[in-house]
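Visitor: turn this into a structure:
(chains A and B)
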There are 2 protein chains.
Amino acid sequence: MADYFEDFEVGAKQLTATAQVSEKAILDFARAFDPQPMHTDIQAAKNGPFHGLIASGWHTAALVMRLIAEARPFGDAQVLGLGVDELRWPHPVRPGDTIQSEMEIVAKRASESNPNYGIIGVRVTTRNQKGEVVMTHSPACWVRRRPSNT
Amino acid sequence: MADYFEDFEVGAKQLTATAQVSEKAILDFARAFDPQPMHTDIQAAKNGPFHGLIASGWHTAALVMRLIAEARPFGDAQVLGLGVDELRWPHPVRPGDTIQSEMEIVAKRASESNPNYGIIGVRVTTRNQKGEVVMTHSPACWVRRRPSNT
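Guide: I've put the predicted structure just below:
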């Protein structure tokens, strides 16, 4: 999108690349971090409330982080998360799904604690290949202010 | 804590086990999901704003999910997240740190969409070995109601 806090405009949007989610990736992540049958056991998941294996919501969140990092919304600067609000998973992510995130700048304000930084509020909407929303969240990120001598 | 929605009391607390975070685990997770120098490049991280390698916040979140899943706060029932609010990372997690989460029930209400479920609001505070808070978040979880014939 841009490099400095001053360059960002509320309402600006950016789309990430896409990521496909394999059954193996779902199982591997869940066995490491979210060992519950709906994420780790194909047969149990089939008989469970989602009628099939679904990705851990934290796996989806991690994949979205990668899509955002690779989209470099803040140019050369790293994505420094201050926190996240309203993290939701309206539809499950299933094996073979392809997801893509849309970032929209929804707020900006100066930092009260650091005059070299501003804070950008982003609304991220992640959809699968059918256009169903699989995750929404609202991160707030530190972004450098333009040095006054440039 | 308990098995059915009716068994939970606002104010009840439960502590998870602990998890130690290795440098290799930080690098592996970040290379897969959050490829930014503060998480993936030991030398660049040393010269960066955190003066050393730090874990991706999503890595910390995934580790906390594992601690919660293994603590089985809802007994035999899986932890079915409806969403998460107020996810924050006040202190970074560094190689060698040991983290532990405390869950507190802060709210409960009936589900409007499904009479078989209630919704439990949990406040989770995760600390490192020095007692510094490294993550806070407030998940809301689906929990089964006690069948009326038992």
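Visitor: only C-alpha atoms from now on, for both contacts and neighbour counts.
Guide: OK.
Visitor: can you tell me the closest non-neighbouring residue to the residue positioned nearest the centre of chain A?
Guide: The centroid of chain A falls nearest to residue A:64 when counting by C-alpha atoms, centre = their mean (3.5 Å). Closest residue to residue A:64 apart from its sequence neighbours, by C-alpha to C-alpha, 6 or more residues apart in numbering or on different chains: residue A:101 at 6.9 Å.
Visitor: quick check, pLDDT for that neighbour.
Guide: The per-residue pLDDT reported for residue A:101 equals 98.
Visitor: need the contact list for it.
Guide: Counting by C-alpha atoms under 8 Å, 6 or more residues apart in numbering or on different chains, residue A:101 makes contact with A:15, A:16, A:17, A:18, A:64, A:67, A:68, A:124, A:125, A:126, A:127.
Visitor: so which strand or helix has it?
Guide: Assessed by DSSP states H and E, residue A:101 sits inside strand A:98-110.
Visitor: what would the contacts of residue A:101 look like in TSV with distance to residue B:11, secondary structure and pLDDT?
Guide: Below are those laid out as TSV (distance: C-alpha to C-alpha, whole Å; DSSP: H, G, I helix; E, B strand; the rest coil; pLDDT from 0 to 100):
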residue	distance to residue B:11	secondary structure	pLDDT
A:15	42	strand	98
A:16	41	strand	98
A:17	43	strand	98
A:18	42	strand	98
A:64	34	helix	98
A:67	38	helix	97
A:68	37	helix	96
A:124	33	strand	98
A:125	34	strand	98
A:126	34	strand	98
A:127	37	strand	98
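Visitor: generate a PyMOL selection restricted to the buried subset of those.
Guide: Buried members of the contacts of residue A:101, defined by 16 or more other C-alpha atoms under 10 Å in any protein chain shown, are picked up in PyMOL with:
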select buried, chain A and resi 15+16+18+64+67+68+124+125+126+127
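Visitor: list the contacts for the residue nearest to the centre of chain A?
Guide: Residue A:64 sits next to A:100, A:101, A:126 when contact means C-alpha under 8 Å, 6+ apart.
Visitor: ok, what's across the strand from the last one?
Guide: By that I understand residue A:126. Counting by DSSP bridges, residue A:126 forms beta bridges with residue A:101, residue A:135.
Visitor: so how far is residue A:50 from it?
Guide: Applying C-alpha to C-alpha, to the nearest Å, the value for residue A:126 to residue A:50 is 20 Å.
Visitor: with residue A:80 instead?
Guide: Noted for residue A:80: a distance of 34 Å to residue A:50, by C-alpha to C-alpha.
Visitor: who has more neighbours, these two?
Guide: Shown here are residue A:80 and residue A:50; by other C-alpha atoms under 10 Å in any protein chain shown, residue A:80 has more neighbours (17 against 12).
Visitor: pretty sure residue A:116 is touching residue A:144, no?
Guide: Yes - at 5.9 Å, residue A:116 counts as touching residue A:144 under the criterion of C-alpha atoms under 8 Å.
Visitor: so which of these two has more stuff around it?
Guide: Looking at residue A:116 and residue A:144 with other C-alpha under 10 Å, you find the greater number of neighbours at residue A:144, namely 20 against 16.
Visitor: need the pLDDT of the more buried one.
Guide: pLDDT, read off for residue A:144, is 90.
Visitor: leaving out sequence neighbours, find the closest residue to residue A:63.
Guide: In this structure, residue A:63 finds its nearest non-sequential neighbour in residue B:33, 5.9 Å apart by C-alpha to C-alpha, 6+ apart.
Visitor: with just CA atoms, put stretch A:3-10 into PDB.
Guide: C-alpha atoms of stretch A:3-10 as PDB (Å, rounded to 0.1, in the frame of the first residue of the first chain):
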ATOM      1  CA  ASP A   3       5.600   3.100   3.300                       C
ATOM      2  CA  TYR A   4       4.700   5.700   5.900                       C
ATOM      3  CA  PHE A   5       1.800   6.400   8.200                       C
ATOM      4  CA  GLU A   6       1.100   9.600   6.300                       C
ATOM      5  CA  ASP A   7       0.700   7.700   3.000                       C
ATOM      6  CA  PHE A   8      -2.300   5.600   4.100                       C
ATOM      7  CA  GLU A   9      -5.900   6.600   3.500                       C
ATOM      8  CA  VAL A  10      -8.900   5.300   5.300                       C
END
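Visitor: buried stuff in it?
Guide: The neighbour-count check on stretch A:3-10 (16+ other C-alpha under 10 Å) flags A:3, A:4, A:5, A:8, A:9 as buried.
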